[in-house]
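K.L.:
Here is a sequence with its predicted model. Questions after.
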Protein chains: 2
Amino acid sequence: MEQIGIAMIGCGTVGGGVAKILAEQQERLATRCGKTLMLRRVVVRDPGKARPHIAREIITTDAKAAINDPSVSIVLELVGGVSAAREYVLQALAAGKNVVTANKHLLAEHGAEIFDAARKHDRVVAFEASVAGGIPIIAAILQSLAANQITGIQGILNGTSNFILSSMAESGASYADALKEAQARGYAEADPTLDVDGSDAAHKLAILAQIAFGVTVPFAKIERFGIAELRAMDLRFAHELGYTIKLLAEAWLDGKEVALHVAPVLLRHTDMLAQVRGAHNAVQIVGDAVGEMMFQGAGAGALPTASAVVADLIDLAVGRAQRTFQAAKLWSANARGFTLRAAEGVRSRFYLRVLVRDIPGMLADVARVLADHSISIASVIQHEALEEHSEQVVPLVIMTHYAPTGQFRAAVKKIDTLKGVVPPGVYYSVDD
Amino acid sequence: MEQIGIAMIGCGTVGGGVAKILAEQQERLATRCGKTLMLRRVVVRDPGKARPHIAREIITTDAKAAINDPSVSIVLELVGGVSAAREYVLQALAAGKNVVTANKHLLAEHGAEIFDAARKHDRVVAFEASVAGGIPIIAAILQSLAANQITGIQGILNGTSNFILSSMAESGASYADALKEAQARGYAEADPTLDVDGSDAAHKLAILAQIAFGVTVPFAKIERFGIAELRAMDLRFAHELGYTIKLLAEAWLDGKEVALHVAPVLLRHTDMLAQVRGAHNAVQIVGDAVGEMMFQGAGAGALPTASAVVADLIDLAVGRAQRTFQAAKLWSANARGFTLRAAEGVRSRFYLRVLVRDIPGMLADVARVLADHSISIASVIQHEALEEHSEQVVPLVIMTHYAPTGQFRAAVKKIDTLKGVVPPGVYYSVDD
């Protein structure tokens, strides 16, 4: 049986999962590929560490030699980060190797360079594991939904944030306590910044925007808000109003413009995405033929992510990935002519929570500012004074009707300057 | 640009959707295939009927000529049913054409014959639309989850039944009224038998069992129970206990045996499948690497199903389908060696509802029979007399612990003979 030689660069959590599947399921994979997937080189920083499922003699610290090993035809990039990973991937393509990567950060920032290199060297880059771990969202969009123009994507793409939000909602815990629990359970890293500030979800959204709309977005242009500022009271107020707050990565097509953002969003309790709890990921997709669909599953973890990586290896072995790569023309000239819509122009309903010192007059003042910005109010909740504020501070919660984001933000800026308001006013989009 | 000629046999709801996409999205599809998908022949019974999106001159009643048209390379079988469809598919393969079909009934009953013919003539049969309409479950199992052994499948695969169950649960309507509403809305046919008796879901389950486990199951061997016997009170009692009743197609792998059945099942309210309302389909899958995943979307309808059909056409045009077909070795010798487990041997928890005339003594008698069959009781609810019964008949609801199905059924058979019991005792599996 023909052998496909693989060099794996990086052997952390996901690499360990890949090595386990390749070692334990060799027969299964051979049946499904008609070829044998052979791990030939594993590049690590510390070659002394014990690594189950990997023969000691294929472990090396020499990435260059591994990439150029003539028995290797696929380079599996699992180092993460950008600079070294970019070098390895470009070297692999230049050496005539196909590349499988799980690196969303790399593709979000250097997708065009990498895909151009792949085309130049007539090689393939496969990246199913880069978005939503075990959920086959890349294959779904590029293959299964290829008859559709995707018109909307809403994703829970960061399991850490979803775990934190779920435990805040379920137990009433503060953000800080929920984060500590996530760290204790291994769902959040010691430095959780990229997860909780929306960057990780935005990397994934940049990739989805490319495959669904063909737009190459400078990463800095994706507006993102994280969950670190979310207060338990906002989850509580949202709940009272019939909503659950989730950190969503969203892309919406309107005419020729695509709006992209990552932010906490209020979803109706009955929305399928609102039901997604714990560290799971989920992606809801709207296609112009298929309508609304949802995919849910593990967004991270050794074996779920390895499941996606090995699927890419199989796709390369049977020759499907080559055809998908050629047909999809990713990160190339923007054939579909979609452009990015600035956040200010996106219309939405909003949840606004303002802390004020004196309700009767304040409600009138806040309502006045909204009216001056042509924003109409759908409902108002006034609450009792908050225990956590020593002074007599009262939260005022307002749900608006649809309004352009820019206009709404200008109103909030103005509200923050009102006498009696404790800034900043906190607001989130509402998905209805 | 190279043209791919298509003959479409049958032009009902789905055919109309396919014609619409092929006509309106020619440019989109050409970009994604690198080839032009051309409808060359449309075979119908009534050529006089107006058909939007289809040029009059390609409409014909002559299937044989359409299949043998040298400009046709793909035959799209959308007639449904078994006998004529089987002929067309076999003729097409013998004539050297690739086949795309949405026909679950045909594949469930003649899969082996059809796939053998395809292999003999070195052609491909693609069938994404045959299960769960727009949900790409076939591609997910055969490609995206190919690193996994699937160990469990639970699917809401019949939208009609799910619509009926959802409206019974939400409004308390009787089965008869909910069916009428489904018919009025076009979700159920005048003769809904195949939908509500579980046959349609069982056809789809037979296909899923083939692709996930490689088992070819004589269709009659799949045990199936429909929803026509479900009473509003059972939905109500289940609800009180924290469960929602859904018609599920299930396949579970245990060792070397696969258990398959279609039946109403009690799911916890918090289960993702319990949230699937209306005519939607959903499939939950467990893979040994990826863990639990769920796919949800439209399971029927012109455009969602056409989305899957056209995805198959694109897969053939770009050359992916050929590779998938070859690698998957479907309906061939059972390489994986799994066999079917008889229903009697499957262990489950059960919901049992018995109508009795006199509670105190009856509970003792019913409990005695269960004990005699080594079935232990988890909880009991006794309810007030039912209005709908003129005599003093009281429902007795019992939740059991795990027990082998055969043993439990024997107990129910015995309970039905007890003096004071109004047979039959009604029971459903409980998924915990």
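P.N.:
Happy to help now that I have it.

K.L.:
make it CA atoms for all contacts and neighbour counts henceforth
P.N.:
Noted.

K.L.:
For the closest residue in space to residue A:323 that isn't next to it in sequence, grab the count of nearby residues.
P.N.:
Nearest non-adjacent residue to residue A:323, counting by CA to CA, 6 or more residues apart in numbering or on different chains: residue B:318, 6.2 Å away. As a burial measure, residue B:318 scores 20 neighbours (other CA atoms under 10 Å in any protein chain shown).

K.L.:
Which residues of the stretch 251-400 of chain A lie near chain B?
P.N.:
Residues of the stretch 251-400 of chain A lying close to chain B by CA under 8 Å from any CA of the partner chain are A:272, A:275, A:289-298, A:303-308, A:310-312, A:314-315, A:318-320, A:323-324, A:327-328.

K.L.:
how does chain A divide up, domain by domain?
P.N.:
Chain A breaks down into these domains under automatic domain parsing: A:3-133+A:304-328, A:144-298, A:346-431.

K.L.:
Now the weakest link among the ones you listed, please, by mean pLDDT.
P.N.:
Ranked by mean pLDDT, the domains of chain A bottom out at domain A:346-431, with a mean of 91.

K.L.:
end-to-end on it?
P.N.:
From its first residue to its last, domain A:346-431 covers 13 Å (CA to CA, to the nearest Å).

K.L.:
my hunch is that residue A:38 is in a helix, does that hold up?
P.N.:
No: according to DSSP: H, G, I helix; E, B strand; the rest coil, residue A:38 belongs to no helix; its state is strand.

K.L.:
Next up, the contacts around it.
P.N.:
A:3, A:4, A:5, A:6, A:22 (CA atoms under 8 Å, 6 or more residues apart in numbering or on different chains).

K.L.:
Could you find the closest non-adjacent residue to it?
P.N.:
Per CA to CA, 6+ apart, closest to residue A:38 is residue A:5, 4.9 Å.

K.L.:
what about residue A:84, neighbour count?
P.N.:
Taking other CA under 10 Å as the neighbour definition, residue A:84 ends up with a count of 11.

K.L.:
And the one helix or strand it maps to, what does it pack against?
P.N.:
In the assignment (DSSP states H and E), residue A:84 maps to helix A:83-94. Other elements packing on helix A:83-94 under the criterion 3 or more CA pairs under 8 Å, 6 or more residues apart in numbering or on different chains; DSSP states H and E are helix A:63-68, strand A:74-77, strand A:98-101, helix A:104-120.

K.L.:
And the third one, how far out from the chain middle?
P.N.:
Its chain's C-alpha centre and that of strand A:98-101 lie 20 Å apart, by CA atoms, centre = their mean, to the nearest Å.

K.L.:
For that strand, which strands pair with it and how are they oriented?
P.N.:
strand A:74-77 (parallel), strand A:125-126 (parallel) (DSSP bridges).

K.L.:
Could you export the ones you listed as CSV, including mean neighbour count?
P.N.:
CSV is the format used below for the strands paired with strand A:98-101 (neighbours: other CA atoms under 10 Å in any protein chain shown):
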stretch, mean neighbour count
strand A:74-77, 28
strand A:125-126, 24
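
K.L.:
With distance to residue A:256 added, can I get those strands in a markdown table?
P.N.:
Formatted as a markdown table, the strands paired with strand A:98-101 follow (distance: least, CA to CA, whole Å):
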| stretch | distance to residue A:256 |
| --- | --- |
| strand A:74-77 | 35 |
| strand A:125-126 | 28 |
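
K.L.:
Tell me if I'm right that residue A:300 and residue A:134 touch.
P.N.:
Yes: with contacts counted by CA atoms under 8 Å, residue A:300 reaches residue A:134, the gap being 7.1 Å.

K.L.:
of those two, who's got more company?
P.N.:
More crowded of residue A:300 and residue A:134, by other CA under 10 Å: residue A:134, with 32 against 27.

K.L.:
The more buried one: what's it in contact with?
P.N.:
Counting by CA under 8 Å, 6+ apart, residue A:134 touches A:297, A:298, A:299, A:300, A:304, A:305, A:306, A:307, A:308, B:290.

K.L.:
from those, which ones fall inside strands?
P.N.:
A:297, A:298 (DSSP state E).

K.L.:
Sort out for me which of the contacts of residue A:134 are in helices.
P.N.:
A:304, A:305, A:306, A:307, A:308 (DSSP state H).

K.L.:
between those residues, which is nearest chain B?
P.N.:
Checking the ones in helices among the contacts of residue A:134 against chain B with CA to the nearest CA, the nearest one is residue A:304 at 3.9 Å.

K.L.:
Tally up the residues packed near the closest residue in space to the closest one that isn't next to it in sequence, please.
P.N.:
Excluding the flanking residues, the one nearest residue A:304 by CA to CA, 6+ apart is residue B:290, at 3.9 Å. As a burial measure, residue B:290 scores 28 neighbours (other CA under 10 Å).

K.L.:
Now that residue B:290 has come up, it's in contact with residue A:309, right?
P.N.:
No: if you go by CA under 8 Å, residue B:290 and residue A:309 don't touch, sitting 11.0 Å apart.

K.L.:
residues touching the residue nearest to residue A:38, list them.
P.N.:
Residue A:5 neighbours (CA under 8 Å, 6+ apart): A:37, A:38, A:39, A:40, A:71, A:72, A:73, A:74.

K.L.:
hmm, 10 Å instead?
P.N.:
By CA atoms under 10 Å, 6 or more residues apart in numbering or on different chains, the contact set of residue A:5 is A:36-41, A:69-75.
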